[in-house]
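S.K.: My questions concern the predicted model and sequence given below.
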Amino acid sequence: MKKTSNKQQTTIKVGFITISDRAARGEYEDIGGPAMQTWINNALLSPYEIATTIIEDEQTLIERTMIDFADNQNCNLILTTGGTGPTTRDVTPEATHAVCERIFDGFAEQMRAVSLRTVPTAILSRQTAGTRGKSLIINLPGKPEAIAVCLGAIFLAVPKCLELLDNSNIQIDLDFVEKNFG
């Protein structure tokens, strides 16, 4: 039996943004976007809507897309995958910092701390998180395994953050999330 939180459900909107030059051009199958969606589908018990897109690693495009998802599409939670590494094309954190009013360092610290337990190069990952209006934006790595580790490390804080931002009351599968907690 699934253990759930006890608040009345709220329908939220989750935005999934894949940031990859090759996937955007159709040269590479997007595996990060579906990995995020599968994880969220397993974790959320409340009804939710989705918005998805695949875009190239261009800072202005990433910024415009995040702004659109937050301001126009009214996504409560925006998850990105890709563009968090050390190369010059990896500009997702810069775009996130440019569009967010507040940065929440704890999300990034926890994701890296948990990832470092199994991947020594996780120290190179630059994912971050912040808020724009009533939207929580979280950058995730590009590999499905790393996405699962990072979401497991931080997701228990997401419902409370959304509640504080816009009074959302989402139910999560606590058994799934706790089982996947780093």
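M.R.: On my side now, so go ahead. Owing to the predicted nature of the structure, the values given are computational and were not obtained by experimental measurement.

S.K.: can we go C-alpha only for contacts and neighbour counts from here?
M.R.: Will do.

S.K.: can I get the CA coordinates of the helix or strand encompassing residue 165 in PDB?
M.R.: Secondary structure assigned from DSSP states H and E places residue 165 in helix 158-166. Extracted as PDB, the C-alpha positions of helix 158-166 are listed here (Å, rounded to 0.1, in the frame of the first residue of the first chain):
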ATOM      1  CA  VAL A 158       9.400  20.000  -3.400                       C
ATOM      2  CA  PRO A 159       5.800  19.700  -2.100                       C
ATOM      3  CA  LYS A 160       6.500  22.100   0.800                       C
ATOM      4  CA  CYS A 161       8.300  24.600  -1.500                       C
ATOM      5  CA  LEU A 162       5.300  24.600  -3.900                       C
ATOM      6  CA  GLU A 163       2.900  25.000  -0.900                       C
ATOM      7  CA  LEU A 164       4.800  28.000   0.300                       C
ATOM      8  CA  LEU A 165       5.000  29.500  -3.200                       C
ATOM      9  CA  ASP A 166       1.300  29.200  -4.300                       C
END
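
S.K.: Pairing partners for the spatially most central residue of the chain in the sheet, please.
M.R.: Central residue of the chain (CA atoms, centre = their mean): residue 79, 2.6 Å from the mean position. Note on residue 79: beta-bridge partners by DSSP bridges are residue 16, residue 138.

S.K.: May I ask you to confirm that it is in contact with residue 140?
M.R.: Yes. Shown here, residue 79 and residue 140 form a contact pair, counting by CA atoms under 8 Å, at 7.0 Å.

S.K.: what sits against residue 24?
M.R.: 54-56 (CA atoms under 8 Å, 6 or more residues apart in numbering).

S.K.: neighbour-wise, which of those leads?
M.R.: Among these, residue 54 has the most neighbours (other CA atoms under 10 Å), with 22 neighbours.

S.K.: Checking that one next. Helix, strand or coil?
M.R.: strand (DSSP: H, G, I helix; E, B strand; the rest coil).

S.K.: Model confidence for residue 5, exactly?
M.R.: Residue 5 is assigned 48 on the pLDDT scale.

S.K.: Quick check: the gap between residue 72 and residue 123.
M.R.: 34 Å (CA to CA, to the nearest Å).

S.K.: Give me the local confidence score for the residue lying closest to residue 108 once chain neighbours are set aside.
M.R.: For residue 108, ignoring the flanking residues on the chain, the nearest one in space by CA to CA, 6 or more residues apart in numbering is residue 128 at 4.9 Å. According to the prediction, residue 128 has pLDDT 97.

S.K.: Residue 128 is in contact with residue 105, isn't it?
M.R.: Yes. Counting by CA under 8 Å, residue 128 does reach residue 105; the two are 6.8 Å apart.

S.K.: These two: who's more crowded?
M.R.: Each of residue 128 and residue 105 has its neighbours counted (other CA under 10 Å); residue 128 has more, 24 against 12.
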